[in-house]
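J.: quick one: sequence plus predicted model below, questions after.
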Amino acid sequence: MMISNSSFWPFPTFVAGRYSDTERRGVSLQRLFSTFAHGVPGVGLLLQRLVTAAALGYCVFARFQSVSGALLLIDGGAALLLLLGLWTPVAGLVIAGCELWTIASERGEFWLPLVLATLGATLAMIGPGAWSIDALLFGRKQIGPPSR
């Protein structure tokens, strides 16, 4: 069933002739890059990174006796990367994977690992924000004409 009314479908439909090839490529290409949000959204991403890293650090120390050392080392390293805002998409995916592994391998409370896996996955999808090392290293650069 194709929905033709645009009020029900939130995504743009690319019908032949409606959008040019340049607009189509621009929309799909922009989705490949993080926008490194600044302002209030950037502060929100910074707070999400800090809270996730702090909660993950707490979990690493709380699980010290019950979980293997390799999982704790990987989780702790990912929390440190997340705290710094370095390689945030990779760190978020590692956190999500480790926490899902914790849910699958342990019996007991699963809500905190589930929340941490969700937060890690969302940070991997959204990006680190403007206040991160990723933004300094990989952010948008302004290229100007050479001076004479």
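T.: Right, received. Where do you want to start?

J.: going forward, measure contacts between C-alpha atoms and count neighbours the same way
T.: Fine.

J.: using CSV, list the CA coordinates for stretch 139-148.
T.: Presented in CSV, the C-alpha positions along stretch 139-148 are these (Å, rounded to 0.1, in the frame of the first residue of the first chain):
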residue,chain,number,x,y,z
GLY,A,139,34.1,18.2,12.5
ARG,A,140,33.3,20.4,9.5
LYS,A,141,36.1,22.5,8.3
GLN,A,142,35.8,25.9,6.6
ILE,A,143,38.0,26.0,3.5
GLY,A,144,38.8,29.5,2.3
PRO,A,145,40.6,30.9,-0.7
PRO,A,146,44.3,31.0,-0.4
SER,A,147,45.7,34.4,0.5
ARG,A,148,48.3,36.0,-1.8
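
J.: what's the spacing between that stretch and its chain's center?
T.: 28 Å (C-alpha atoms, centre = their mean, to the nearest Å).

J.: relative to Thr122, how far out is Gly139?
T.: Relative to Thr122, Gly139 is positioned 19 Å away (C-alpha to C-alpha, to the nearest Å).

J.: what's the average pLDDT for the lengthiest helix in the chain?
T.: For the chain, the longest helix by residue count, based on DSSP state H, is helix 40-62. In this model, helix 40-62 has a mean pLDDT of 92.

J.: near Val115, how many other residues are there?
T.: Val115 has 15 neighbouring residues, counting by other C-alpha atoms under 10 Å.

J.: what's in contact with the helix or strand hosting Leu72?
T.: With elements taken from DSSP states H and E, the one containing Leu72 is helix 69-84. The contact list for helix 69-84 (C-alpha atoms under 8 Å, 6 or more residues apart in numbering) reads 49-50, 52-54, 56-57, 60, 63-64, 87-88, 91-92, 94-95, 98, 132-133.

J.: return a ChimeraX selection command for the buried portion of the residues you listed.
T.: This is how ChimeraX selects the buried members of those, with burial counted by 16 or more other C-alpha atoms under 10 Å:
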select :49,50,52,53,54,56,57,60,87,88,91,92,94,95,98,132,133
